[in-house]
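Participant: quick one, structure for this:
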Amino acid sequence: MALFSSFFGVDQFKLIFLIAGLLSLWVGGMFTDHDIIGNIKITANEIVVEKPDCVELFDLQELQSLKFQILGIKGEFYSMNSIAIKQGSDNIIMFNYYGEKKEYLFLLEEPQAASLKTIFEAWKQSNIEFRVDNKTHKRLHR
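Facilitator: Predicted structure coming up:
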C-alpha cells in the first residue's frame, strides 16, 4: 500500500481500489455456480420440495434430526471489511424421514430470511425439534 500511496495520491489510490472492488463485484455477479432446479417451501407444519418431475411433502411431525446450515444470504458481505458478497446458494436443510437421510441445498435471499426467522419462532413455540447453524450476520434463531 505504501508503494501505491507514494506513486498515486491517497485519493487516487482510494478511487482505484473502489473501481477494482466494483469491477470484481460486477464480474462475480455475472458468474454463479448454481442452477435453480426446484423450490423448497417451509411452513409451520410441513416442508415441501418441488422438483421438475415431482413434489415431495414432509410433515414436520414425521421428521427426525431436522437441521439447517445457513451459511449465507444472497448479497450479504462475507465480513464488514470485505467487498466480496455471498451467493446465498450453499445453505443446507437436512433431516431423516422414515430412516432415509434427506439433504437439500437451497438459495436464501433477504425476504425469505425474514420469513424463515418467523417460521423458526413458530416452530419453537410449537415445540418442534430442530437445530440451526447460522453463519450469517442476521439473527435467525435464538
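Participant: any regions of the chain where pLDDT drops low?
Facilitator: 1-36, 75, 77-82, 137-142 (pLDDT under 70).
Participant: and the helix or strand where L66 lies, which strands flank it?
Facilitator: Using DSSP states H and E, L66 maps to strand 63-70. Using DSSP bridges, strand 63-70 pairs in its sheet with strand 91-97 (antiparallel), strand 131-134 (parallel).
Participant: pretty sure K117 is in a helix, no?
Facilitator: Yes - according to DSSP: H, G, I helix; E, B strand; the rest coil, the state of K117 is that of a helix.
Participant: for it, grab the count of nearby residues.
Facilitator: 17 (other CB atoms under 10 Å). The way it works is simple: take the backbone N, C-alpha and C, and place the C-beta from them, glycine included.
Participant: same check on the one 5 residues further on?
Facilitator: Residues near A122, counting by other CB under 10 Å, number 13.
Participant: if I look at the closest residue to it other than its chain neighbours, how far off is K74?
Facilitator: Spatial nearest neighbour of A122, chain neighbours left out: A44 (4.8 Å); criterion: CB to CB, 6 or more residues apart in numbering. Counting by CB to CB, to the nearest Å, the gap between A44 and K74 amounts to 24 Å.
Participant: give me the more crowded residue out of those two.
Facilitator: Between A44 and K74, K74 has the larger neighbour count (other CB under 10 Å), namely 17 against 12.
Participant: residue contacts, the more buried one?
Facilitator: Applying CB atoms under 8 Å, 6 or more residues apart in numbering to K74 gives the contacts I85, K86, Q87, G88, S89, L107, L108, E109, E110.
Participant: no further questions, thank you.
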